[in-house]
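Engineer: Here is my input, please return the structure:
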Amino acid sequence: MDNLEKFILENRAAFDSEVPSLKVWSNIDRKLDGRPKPRIVWMRRLRAVAAVAILLVIASVIGFKMGASSAGAKSLADISPEYEEMEQYFNQQIHEKLAQLASYKQDGFVKKDFQELDAVYEDLKKELQNVPEGSEEKVIEAMIGNYQTKINILEQVLEKVQTTGQTNLKTEENEVSI
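Structural biologist: Numbering: from 1, shown residues only. Next comes the predicted model:
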């Protein structure tokens, strides 16, 4: 330590006795107000906005991909062309038999059964989407069985209507027809 520093440290109280006037502080304040605002704050805001924009883009891409994969449940047509052809055949058969049944004014007779079968089919479509690769066969068989059940129901009702000549079948819930 040199002599000047030693002298200042020993006599510090004597140096701190003077207080600057208000004029000095107002000059300092005026000079601070006159300075341009630092650009660092503006850059921080720009970086924050850019980060939020990037996060939104990433979230929307992820959401779109997840939504697209879960939006539409797989159907038989999505598996292979053969299944698509089979699905079209079953739908055509069901449509034709429903049209025949409608000509007897009995199309409402199978409505409840078809609603239940349609709900089961939708569940199977969702299950098909989530089943691991290579093990879809059981779900596909169940979906085909669902179509065959619809056709069998329609054939039985049509046969009953045609053989009995009924135009007015009872549709009570607890009634069973053989």
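Engineer: And the helix or strand containing Ile140, what's buried?
Structural biologist: Here Ile140 is covered by helix 137-164, with elements defined by DSSP states H and E. When burial is assessed from 16 or more other C-beta atoms under 10 Å, helix 137-164 yields the following buried residues: Val139, Ile140, Met143, Ile144, Asn146, Tyr147, Lys150, Ile153, Leu154, Val157, Leu158, Val161. Glycine gets a C-beta too; all of them are placed from N, C-alpha and C.
Engineer: mean confidence score for it?
Structural biologist: Regarding helix 137-164, the rounded mean pLDDT is 86.
Engineer: So which elements touch the helix or strand of the chain with the lowest mean pLDDT?
Structural biologist: Least confident helix or strand, the chain: helix 76-79 with a mean of 74, by mean pLDDT, DSSP states H and E. Contacting helix 76-79 under the criterion 3 or more C-beta pairs under 8 Å, 6 or more residues apart in numbering; DSSP states H and E are the following elements: helix 81-103, helix 137-164.
Engineer: try 6 Å
Structural biologist: helix 81-103 (3 or more C-beta pairs under 6 Å, 6 or more residues apart in numbering; DSSP states H and E).
Engineer: which is the next helix or strand following the helix it packs on?
Structural biologist: helix 111-130.
Engineer: can you tell me which helix in the protein is longest?
Structural biologist: helix 39-71 (DSSP state H).
Engineer: Pull the residues that contact the least confident helix or strand of the chain.
Structural biologist: The set of residues external to helix 76-79 that reach it, using C-beta atoms under 6 Å, 6 or more residues apart in numbering, is Tyr83, Glu84, Glu87, Met143.
Engineer: who wins for most neighbours among these?
Structural biologist: Within the contacts of helix 76-79, neighbour counts (other C-beta atoms under 10 Å) peak at Met143, which reaches 25 neighbours.
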